[in-house]
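1. Test case, fold it:
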Amino acid sequence: MPFAMPCLSSPHLFEFTLLMDEGKLQTDLELTAEIKLYYDVFVPENSTGQAPLLIAVHGYGAHKRYMMREARALAGGRFVIAAVQGPHHHYRPTNDGYRVGFGWLSDHKPEEYVALHHSFLLRVIDKLDGDGLIDRSKIFLYGFSQACALNFRFAFTHPKVLAGVIGVCGGIPGDLDTNEKYKPFDAQTFYLYGNDDEFYTQEKFAEFDEKLRSILPNYASKQFVAKHEISNEMREEIRTFLIEQGERDKR
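-> Next up is the predicted model:
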């Protein structure tokens, strides 16, 4: 005869609850643990030090190798490139099975991972600067999808660090009007998005575009015939943007 759990009547349930309530419950206690944050660096063969730096930040489910390939295709001969990798690893389905992908945020205490992203970038910049590889006045931040809003948060929190931001197919911070940490950001900003994105409607992109244009003095945007992707046309536009920034620096 299978075992059946008897239902508790109201008096018994009350008694059970009293038993459960005995003692002191403490929640959300914390210990600080150290984790490793991974990144790759590319230094052009002809670099003599003090080169501009392009920091490439992948989207949800991708990895640093992917963004390094993307960044080298755009600026491999002119920029030192740092491709950083998110701290949250998970399995993602692919055409030939499951592979490990990485993400930057979670719904649980996202502010902690925003702060981790900021600290990660600043420490990478300090390391490359200390090694004499980069010109600290020429740092560009390039992000796709999930990294887009994350990078804007960094730019508005540390506006003097960057010479430019490139955001592709992603959102913007939802707290632009309320976050007291944000400061005016006047560096060059380029925002790109597709006309058939699977994750954002065109109305939402138009809203993002209008908001950024209203608060950024050196802002440009462009829509492409593309899905949620970095298309070849986008790559050409980003490459031109980076070349123009280099020429502006020379003047």
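2. Show the contacting residues for Leu216.
-> Residues in contact with Leu216, defined by Cβ atoms under 8 Å, 6 or more residues apart in numbering, are Phe185, Asp186, Thr189. C-beta coordinates here come from the backbone N, C-alpha and C atoms, glycine included.
3. Ok, Lys64 next?
-> Tyr38, Tyr39, Asp40, Ala56, His58, Ala83, Val84, Gln85, Phe102.
4. The third one against Met68, yeah?
-> Just to be clear, that refers to Asp40. Yes - if you go by Cβ atoms under 8 Å, Asp40 and Met68 touch, sitting 5.1 Å apart.
5. So the two - more neighbours on which side?
-> The neighbour comparison of Asp40 against Met68 (other Cβ atoms under 10 Å) goes to Met68, with 22 against 16.
6. So that one sits against Leu54, correct?
-> No - between Met68 and Leu54 there is no contact under Cβ under 8 Å: 10.2 Å.
7. Can you pull the residues that touch both of Asp40 and Met68?
-> Ala83.
8. State the number of residues packed around Pro110.
-> Pro110 has 12 neighbours, counted by other Cβ under 10 Å.
9. Correction: the previous question concerned Gln26.
-> 5.
10. just the one 5 residues further on next, same as before
-> Around Leu31 sit 4 other residues, with neighbours defined as other Cβ under 10 Å.
11. what about the residue lying closest to Gly194 once chain neighbours are set aside, which SS state?
-> The spatially closest residue to Gly194, leaving aside those adjacent along the chain, is Ala226, at 3.3 Å (Cβ to Cβ, 6 or more residues apart in numbering). Using DSSP: H, G, I helix; E, B strand; the rest coil, the secondary structure recorded for Ala226 is coil.
12. Done for today, thanks.
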